[in-house]
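1. Here is my input; please provide its structure:
(one chain, ligands or ions: 1)
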Amino acid sequence: MKTLALLGGAPVRDAKTNPWPKWPVWDEKEEKALLEVLNSGVWSYNGPKETEFNKDFANYTGVKYAISAANGTVTLQMALEACGVGVGDEVILPGLTWQATAATILDVNATPILVDVCDDTWCIDPKAIERAITPRTKAIIPVHLYGSFCDMDEIMRIAKKHNLYVIEDCAHKHGGEWNGKKAGSIGDIGSFSFQLSKHLTAGEGGVVTTNSFELYERLDALRNCGRRPVNEETADKGAGVYVDQGNFLQSGNYRITEFQAAILVEALKRMPEQNKNRDENGKYLNSLIAKIPGIIPMKRDARETEEAYFNFSFRYDKSKFKGLPVQQFRKALTAEIGIQVSASYEPLNKCSLYNPLTKPARHKLNDAYWAEINPKRFDLPVCDRIHFEESVCVHHKVLMGTKADIEMIAAAIQKVYDQAESLL
Ligand SMILES: *Cc1c(COP(=O)(O)O)cnc(C)c1O
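-> Down below sits the predicted model:
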């Protein structure tokens, strides 16, 4: 048997001589588009690239409106504010997500209510949502995590019954489909990120989607210093500028630049094909690793008609690996395949980047609120188990190559399985 790479043996894949597909992806189309923007002198502010991208993204997602903005954090904040979420309101979100999902709730002076997730998808548990609803609940933020989809049928049923807004955090799910409907077209608002690691990127950026004209007007104003959006009547078509509409909404500048939008226009043309390839490779990889004892693929609901991946993830059971802790398993796998293999996000009640109580000047509205926003008051046993014992995640770019790449990942996991004992 070949020695494990972590113990000095040859890796299954030497990423120096046989690199993984690169991310991000670009070519001369982006180069040309960026130069076009540069030379036009129109670098921001409702320019032609932004307008084009918003239209393309709305069409692609199957919604009436898409409004792009600076990043996927401010888009969540805009979504909450557009729904009128603020002081006194509670917002229910999963305990397993990037800290921005919760931090933006604080930033609108509402209270994040952390609930547990399903252990087979790592997405918010609809039963936990129902248990957490109070007369103060105003919205739910389901997060379609990694290669999984929230049970949107259940979530929409609960939201309807209790008259709640649903803001889908789609930072991992551009192009993913539930029952033929794209992520971001099911709830009231969808929020997406174009940060560098996401599978549609301009380095930074974000977009919100909605079918509601009323929400659209508010979202557009919120990103643009409160100005009511331009429309057929108010546009000065010659100059392409706004006619000042006066008092509408207090807000600041969360606008995207034309450079970002130019890249996004080109990147969105490539994404459907990339998503399809990742989806096929993801299915293939799941079929291979399902045969290895102690490896549990994520559950794929029959209603997930198209999967989108930010990370590929699976569950690990150390009892089948001679008791090898998951932390060691991830190190061994990283060494075999030459790309970082990580844990899931930290549960938000223990997250090193989610510390509301470090900012009393901003968040200590009163003593009751101060106690409410302490994340330690929430109990998230499933999130804990996932993060500390089971989760294995790797960036989506490993799914962007060939079947041979996929077979290498499965072979690397098998190799660690066969020699788990040598790491103990
Ligand atoms: C990336 C991400 C965000 C925030 O997006 P940024 O563009 O980085 O601000 C929000 N939610 C989730 C789940 C994310 O992964």
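
2. and D367, how many neighbours does it have?
-> 8 (other Cβ atoms under 10 Å). In this view, the C-beta of every residue, glycine as well, is placed from N, C-alpha and C.

3. separation between it and the ligand?
-> The gap separating D367 from the ligand is 30 Å, by Cβ to the nearest ligand atom, to the nearest Å.

4. now that residue: how far from H396?
-> 44 Å (Cβ to Cβ, to the nearest Å).

5. excluding its backbone neighbours, what's nearest the residue positioned nearest the centre of the chain?
-> Most central in the chain under Cα atoms, centre = their mean is A171, positioned 2.4 Å from the mean C-alpha point. Leaving out its chain neighbours, the residue that sits closest to A171 by Cβ to Cβ, 6 or more residues apart in numbering is S193, at 4.0 Å.

6. list the contacts for that neighbour?
-> Counting by Cβ atoms under 8 Å, 6 or more residues apart in numbering, S193 touches 71-73, 75, 171, 205-206.

7. List the residues that contact whatever residue of the stretch 251-400 of the chain ends up closest to the ligand.
-> Here the stretch 251-400 of the chain gets closest to the ligand at one residue, F310, 6.6 Å apart by Cβ to the nearest ligand atom. Each residue near F310 by Cβ under 8 Å, 6+ apart is listed here: 146-147, 171-173, 197-199, 396.

8. Near L424, how many other residues are there?
-> Here the neighbour count serves as a burial measure; for L424 (other Cβ under 10 Å) it reads 10.

9. Let me see the contact set for it.
-> Remark: with contacts taken as Cβ under 8 Å, 6+ apart, L424 is in contact with 322-324.

10. cool, and F213?
-> F213 makes contact with 64-65 under the criterion Cβ under 8 Å, 6+ apart.

11. and it, how far is that from A82?
-> F213 sits at a distance of 12 Å from A82 (criterion: Cβ to Cβ).

12. Would you mind listing what in the stretch 201-350 of the chain touches the ligand?
-> Counting by Cβ under 6 Å from any ligand atom, the residues of the stretch 201-350 of the chain lying close to the ligand are G206.

13. Next, format the contacts of F310 as JSON lines and append secondary structure, pLDDT and distance to the ligand.
-> As requested, those are exported to JSON lines (DSSP: H, G, I helix; E, B strand; the rest coil; pLDDT from 0 to 100; distance: Cβ to the nearest ligand atom, whole Å):
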{"residue": "Y146", "secondary structure": "coil", "pLDDT": "97", "distance to the ligand": "9"}
{"residue": "G147", "secondary structure": "coil", "pLDDT": "96", "distance to the ligand": "13"}
{"residue": "A171", "secondary structure": "coil", "pLDDT": "98", "distance to the ligand": "3"}
{"residue": "H172", "secondary structure": "coil", "pLDDT": "98", "distance to the ligand": "6"}
{"residue": "K173", "secondary structure": "coil", "pLDDT": "98", "distance to the ligand": "9"}
{"residue": "S197", "secondary structure": "coil", "pLDDT": "98", "distance to the ligand": "8"}
{"residue": "K198", "secondary structure": "coil", "pLDDT": "98", "distance to the ligand": "6"}
{"residue": "H199", "secondary structure": "coil", "pLDDT": "98", "distance to the ligand": "11"}
{"residue": "H396", "secondary structure": "helix", "pLDDT": "98", "distance to the ligand": "12"}
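
14. Out of these, which comes closest to L288?
-> G147 (15.0 Å; Cβ to Cβ).

15. how many other residues sit next to the closest residue in space to that closest one that isn't next to it in sequence?
-> Taking Cβ to Cβ, 6+ apart, and ignoring the residues beside it in sequence, G147 has Y309 as its nearest neighbour in space, at 4.7 Å. Applying other Cβ under 10 Å, we find 27 other residues in the vicinity of Y309.

16. dump the residue contacts of Y309.
-> Applying Cβ under 8 Å, 6+ apart as the definition, the contact partners of Y309 turn out to be 146-147, 172, 199, 275, 278-279, 282, 396, 399.

17. ditto for W122
-> Neighbour list for W122: 96, 145-146, 148, 298, 313, 344, 386, 391 [criterion: Cβ under 8 Å, 6+ apart].

18. Span of stretch 8-23 from start to end?
-> The stretch stretch 8-23 measures 28 Å between its terminal residues, going by Cα to Cα, to the nearest Å.

19. buried set for that stretch?
-> 9, 11-13, 20, 23 (16 or more other Cβ atoms under 10 Å).

20. Also stretch 370-390?
-> If you call a residue buried by 16+ other Cβ under 10 Å, then stretch 370-390 has these buried ones: 372-373, 375, 378, 380, 382-384, 386-388, 390.

21. isn't there a strand covering V208?
-> Yes: when the secondary structure is assigned by DSSP: H, G, I helix; E, B strand; the rest coil, V208 falls within a strand.

22. per-residue pLDDT, it?
-> V208 is assigned a pLDDT of 98 by the prediction.

23. OK, contacts around it?
-> 66-67, 69, 75, 78-79, 82, 189-192, 219.

24. how about the strands in this protein?
-> 65-69, 90-94, 111-115, 137-140, 165-169, 177-178, 181-182, 189-193, 206-210, 295-297, 311-316, 341-342, 391-395 (DSSP state E).

25. So which of the ones you listed is nearest Q260?
-> Using Cβ to Cβ, the nearest of the strands of the chain to Q260 is strand 65-69, at 7.8 Å.

26. Quick one: mean pLDDT for that closest one?
-> The predicted model assigns strand 65-69 a mean pLDDT of 98.

27. Same check on stretch 85-100?
-> Confidence over stretch 85-100 (mean pLDDT, whole number) is 98.

28. does any bit of that stretch sit next to the ligand?
-> Yes: counting by Cβ under 6 Å from any ligand atom, contacts between stretch 85-100 and the ligand involve 97-98, 100.

29. how about the nearest residue to the closest residue to the ligand within the chain, chain neighbours excluded?
-> The shortest separation between the chain and the ligand is 2.6 Å, found at G72 (distances taken as Cβ to the nearest ligand atom). Excluding the flanking residues, the one nearest G72 by Cβ to Cβ, 6+ apart is S193, at 2.5 Å.
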